[in-house]
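A.B. asks: 3D, please:
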Amino acid sequence: MTTRSSDNALSALATPLLEVSGVSVALSGRTVLEEIDLRVERGSWIGLVGPNGSGKTTLLRALAGLVPFSGHITLMDRSLGAWSLKERARRVALVRQARPPAFDFTVGELVLLGRTPHKGLITTWDAQDRRLMKEALELVDLSGFEKRDLGTLSGGEQQRCFLAQALVQKADLLLLDEPTTYLDVHHQFGFMQHVERLVERGITVIGAVHDLELAARFASQLLMLDDGRIATFDTPERALTPERLRRVFRMDASAHSDAHGRLRLHFEGPV
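C.D. replies: Okay, the predicted model is just below:
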C-alpha cells in the first residue's frame, strides 16, 4: 500500500517537465515559430539545431516566458503564465551568448545574481550563497576569479561566468542559447561534459548548439527547426539523415558512427 505522498511523488515523476502545444511566435509582424508541439521528459538532454534564422533563440525565449506566444506551454503540469516571475526563475535558467555587461560587476557579483530568485526583497547574500558561487566557479574552471572585473575577461571566460550564474540558480530546466560560440575547443568540450554531468544529476537541458557534430555527440535527442517549424525530433542517428541535412542545412553530407560509437559528420559541400 502506498501513501498519498508517495503517490504524489510517482505522479510528479511520470509528468513531463515541459509540454508545448501549438505554440507560434510572431515578431514585428513576421511569423518566427509556427505550431510547435513538444514534450520534454525530466532529465532530457535535447540539442536544438537548425540553420540561422530557423527560430532556435525565439523558441528558447518563449520557453523562458520572455516573448509573447500563442498556444500553450506547461511547466511541471502548470501553465507557464500561471507562475510568478520569481517562481519561474527558480525553475528555468537561460544562458545566452556572452554579451558586454551593462554595469561594472566583479565575477562573484555577477554569479551571485543567480541566487536572486531565492532571496527576499532586502535579504543579502549569506554563507550558503557564497559557497554555491565558489562551487559554480570551480565547475566552470574559474576558481579564484571572484574579485576579477567582468570587463577584463575574454568572451569565453565571460560565457563561463554566465553559466556559473545559471548553475547557482538551481533551476530544473536549463536553456542554453549557443553557449559554446565564444569558447575554444578545450572549453567547448569541457562545457558540454559539464552539461552532461548536470543531466546525469536530473537537470533537464535544452540547448541550441551551432556545431552539429558537437550536438550529436552529447545530446540524447536533436530537435531540428526549419523555417520556424519542427523538421524532426529524434535521436541524432535518426535525425541527421543525408536527405534532411540537404533539405534543412543545404549541405551534401552524411553521418556515420566511428570505432567508438560516436556520430561523425562528413560534409561534401553546399547544395
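
A.B. asks: next, count neighbours for residue 197.
C.D. replies: Residues near residue 197, counting by other CB atoms under 10 Å, number 11. C-beta: built from backbone N, CA, C; applies to glycine.

A.B. asks: and it, what pLDDT?
C.D. replies: Residue-level confidence at residue 197 comes out at 84, pLDDT.

A.B. asks: that one belongs to a helix, doesn't it?
C.D. replies: Yes: under DSSP: H, G, I helix; E, B strand; the rest coil, residue 197 sits within a helix.

A.B. asks: measure it to residue 242 for me?
C.D. replies: Separation of residue 197 from residue 242 (CB to CB, to the nearest Å): 33 Å.

A.B. asks: with adjacent residues omitted, what lies nearest to residue 36?
C.D. replies: Sequence neighbours aside, residue 23 is the residue nearest to residue 36 in space, at 4.4 Å (criterion: CB to CB, 6 or more residues apart in numbering).

A.B. asks: next one: residue 210
C.D. replies: Closest to residue 210 by CB to CB, 6+ apart is residue 178, at 5.3 Å.

A.B. asks: wait, residue 267 touches residue 253, no?
C.D. replies: Yes: under the criterion of CB atoms under 8 Å, residue 267 makes contact with residue 253 at 4.6 Å.

A.B. asks: returning to that earlier point: report pLDDT for the residue nearest to residue 36.
C.D. replies: We have a pLDDT of 98 for residue 23.

A.B. asks: for it, give its distance to residue 177.
C.D. replies: Look at residue 23 and residue 177: by CB to CB, they are 17 Å apart.

A.B. asks: and the helix or strand residue 194 falls within, what does it pack against?
C.D. replies: Here residue 194 sits within helix 185-200, counting by DSSP states H and E. Packed against helix 185-200, as judged by 3 or more CB pairs under 8 Å, 6 or more residues apart in numbering; DSSP states H and E, are the following elements: strand 45-49, helix 155-168, strand 173-177, strand 204-208, helix 212-218.

A.B. asks: and with 6 Å instead?
C.D. replies: Contacting helix 185-200 under the criterion 3 or more CB pairs under 6 Å, 6 or more residues apart in numbering; DSSP states H and E is no other helix or strand.

A.B. asks: can you pull the buried residues of stretch 122-139?
C.D. replies: Judged by neighbour count using 16 or more other CB atoms under 10 Å, the buried positions of stretch 122-139 are 125, 129, 130, 132, 133, 134, 136, 137, 139.

A.B. asks: low-confidence ranges, the stretch 1-150 of the chain, go.
C.D. replies: Along the stretch 1-150 of the chain, the parts satisfying pLDDT under 70 run over 1-14, 98-103.

A.B. asks: which residues in it form strands?
C.D. replies: 18-27, 30-40, 45-49, 70-75, 78-79, 92-95 (DSSP state E, counting those that start in this stretch).

A.B. asks: out of those, deepest packed?
C.D. replies: strand 45-49 (a mean of 25; mean count of other CB atoms under 10 Å).

A.B. asks: picking up where we left off before, export the strands of the stretch 1-150 of the chain as a markdown table, with columns for distance to residue 227.
C.D. replies: As requested, the strands of the stretch 1-150 of the chain are exported to a markdown table (distance: least, CB to CB, whole Å):
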| stretch | distance to residue 227 |
| --- | --- |
| strand 18-27 | 13 |
| strand 30-40 | 8 |
| strand 45-49 | 14 |
| strand 70-75 | 18 |
| strand 78-79 | 28 |
| strand 92-95 | 23 |
